[in-house]
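J.: Compute the structure for the input listed below.
(one chain, ligands or ions: 1)
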Amino acid sequence: MSVCPMIPAWPREPDAALSLHCLCKTYDRQQVLSDISLAVAPGEVFGLLGPNGAGKTTLMKLIAGLSRPDSGRLTIFGRDGGRGRQSIKHMLALVAQDNNLEREFTVQEALLTYACLYGVASPRQRVAEIVQEFDLTAMLAKRVAVLSGGMARRLLIARALLPAPRLVLLDEPTVGLDPDVRQDIWAVIRRLAAAGTTVFMTTHYMEEAEQLCRRVALLKAGRVVAAGTPAALALLADTGEPPSLEAAFLRLVREAGV
Ligand SMILES: Nc1ncnc2c1ncn2[C@@H]1O[C@H](COP(=O)(O)OP(=O)(O)OP(=O)(O)O)[C@@H](O)[C@H]1O
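T.: Here you go, the predicted structure:
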């Protein structure tokens with residue numbers, strides 16, 4: 001029988017925005033996720049850290065319902081993420097790493113089409129709100145194919161927020177972006193949290209985790225090896241230097257047997 005790590009003082013399942021209990025996933029007989037147990041409070045920005053191949057995207061896909069766990073339990077705002085998918089679909093949005101925008105559409109068309117597909121009430125009005133919030137007016141007539149990486153990322157996030165999801169999953173939201181666009185996206189994430197939206201994000205940037213996340217979990221070879229506030233995790237570095245999340249990350253990732 002697998003042992004499930006207990007994490008004290010985390011939100012209890014009925015109160016949590018997202019609750020994962022002993023989730024396991026294998027691909028081609030490779031154990032990719034083992035006994036993942038986490039809980040994220042409503043309105044929290046939670047960061048998932050880990051080296052390449054640790055299983056972060058796989059976990060995102062399980063939460064988003066794009067893939068099924070082999071075992072374990074997943075609830076979103078207290079509802080079963082397995083059987084009750086239909087009833088929670090509208091509550092969450094995933095912004096994946098890849099750009100899956102329709103290249104021939106204009107920005108306006110991309111937003112309006114998505115709003116209609118997702119049954120957003122008053123789609124034109126909602127698109128106008130999002131355009132204003134993301135300062136997209138100047139690029140509305142541009143075709144998606146000609147957008148820079150930073151513009152496309154902003155559009156992907158803007159599009160995902162059209163149905164006003166309560167839980168937003170961001171897979172490496174600022175990877176490959178310049179510092180200016182990164183700051184823009186950080187501001188979006190802070191606004192979401194201030195408005196009570198829950199954000200569950202992955203990142204390879206320790207500074208990003210420190211700046212944005214109330215708590216983080218470190219995934220290594222498909223297991224949670226540490227979790228807590230960035231400041232608490234930084235203390236695990238134990239290097240004699242001023243504590244840093246980066247030093248703690250390196251220590252935990254390199255340490256054998258953790
Ligand atoms: N569809 C799949 N079929 C088979 N193996 C897969 C599949 N998706 C992921 N894997 C494997 O699962 C493991 C975890 O991959 P995953 O993409 O979740 O890691 P990650 O932590 O997101 O990595 P990165 O930081 O590089 O994005 C890897 O060994 C990967 O090869």
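
J.: contacts and neighbour counts: CA atoms only from here.
T.: Fine.

J.: which parts of stretch 166-185 are buried?
T.: Buried residues in stretch 166-185, counted by 16 or more other CA atoms under 10 Å: 166-174, 177, 181-182, 185.

J.: Now do the closest residue to Glu44 other than its chain neighbours against Gly47, distance only.
T.: Counting by CA to CA, 6 or more residues apart in numbering, the nearest residue to Glu44 once its immediate chain neighbours are dropped is Thr198, at 5.1 Å. Distance of Thr198 to Gly47, given as CA to CA, to the nearest Å: 11 Å.

J.: Let me know the distance separating Thr113 from Arg166.
T.: To Arg166, Thr113 is 21 Å away according to CA to CA.

J.: Quick one: mean pLDDT over stretch 239-247.
T.: For stretch 239-247, the mean per-residue pLDDT is 82.

J.: Stretch 42-60 too?
T.: On average, stretch 42-60 scores 96.

J.: Equivalent analysis for stretch 191-209, please.
T.: 96.

J.: what's the answer for stretch 21-30, then?
T.: 95.

J.: Just the CA coordinates for that stretch, please, in PDB.
T.: Extracted C-alpha coordinates of stretch 21-30, given in PDB (Å, rounded to 0.1, in the frame of the first residue of the first chain):
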ATOM      1  CA  HIS A  21      -5.300  13.200  -2.700                       C
ATOM      2  CA  CYS A  22      -2.800  10.500  -3.500                       C
ATOM      3  CA  LEU A  23      -2.900  11.000  -7.200                       C
ATOM      4  CA  CYS A  24      -0.900   8.500  -9.300                       C
ATOM      5  CA  LYS A  25      -0.200   8.400 -13.000                       C
ATOM      6  CA  THR A  26       1.800   6.000 -15.200                       C
ATOM      7  CA  TYR A  27       2.700   6.300 -18.900                       C
ATOM      8  CA  ASP A  28       3.900   3.200 -20.700                       C
ATOM      9  CA  ARG A  29       4.600   1.500 -17.300                       C
ATOM     10  CA  GLN A  30       6.700   4.500 -16.200                       C
END
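
J.: Which residues does that stretch contact?
T.: For stretch 21-30, contacts defined as CA atoms under 8 Å, 6 or more residues apart in numbering pick out 4, 31-38, 68-74.

J.: the bottom helix or strand of the chain by mean pLDDT?
T.: The weakest-scoring helix or strand in the chain, judged by mean pLDDT, DSSP states H and E, is helix 85-88 (a mean of 78).

J.: Tell me the gap between that one and the middle of its chain.
T.: 19 Å (CA atoms, centre = their mean, to the nearest Å).

J.: before we move on, what about stretch 67-77?
T.: Centre to centre, stretch against its chain (CA atoms, centre = their mean), the figure for stretch 67-77 is 16 Å.

J.: CA atoms only: put it into CSV for me.
T.: This file holds the C-alpha atoms of stretch 67-77, laid out as CSV (Å, rounded to 0.1, in the frame of the first residue of the first chain):
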residue,chain,number,x,y,z
SER,A,67,-5.9,13.0,-18.8
ARG,A,68,-7.1,10.7,-16.0
PRO,A,69,-5.2,9.6,-12.9
ASP,A,70,-4.7,5.9,-12.4
SER,A,71,-5.7,6.3,-8.8
GLY,A,72,-6.3,9.0,-6.2
ARG,A,73,-8.9,11.7,-5.8
LEU,A,74,-9.1,15.2,-7.2
THR,A,75,-11.7,17.8,-6.2
ILE,A,76,-12.3,21.3,-7.5
PHE,A,77,-14.3,23.6,-5.2
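
J.: That's all I had, so thanks and see you.
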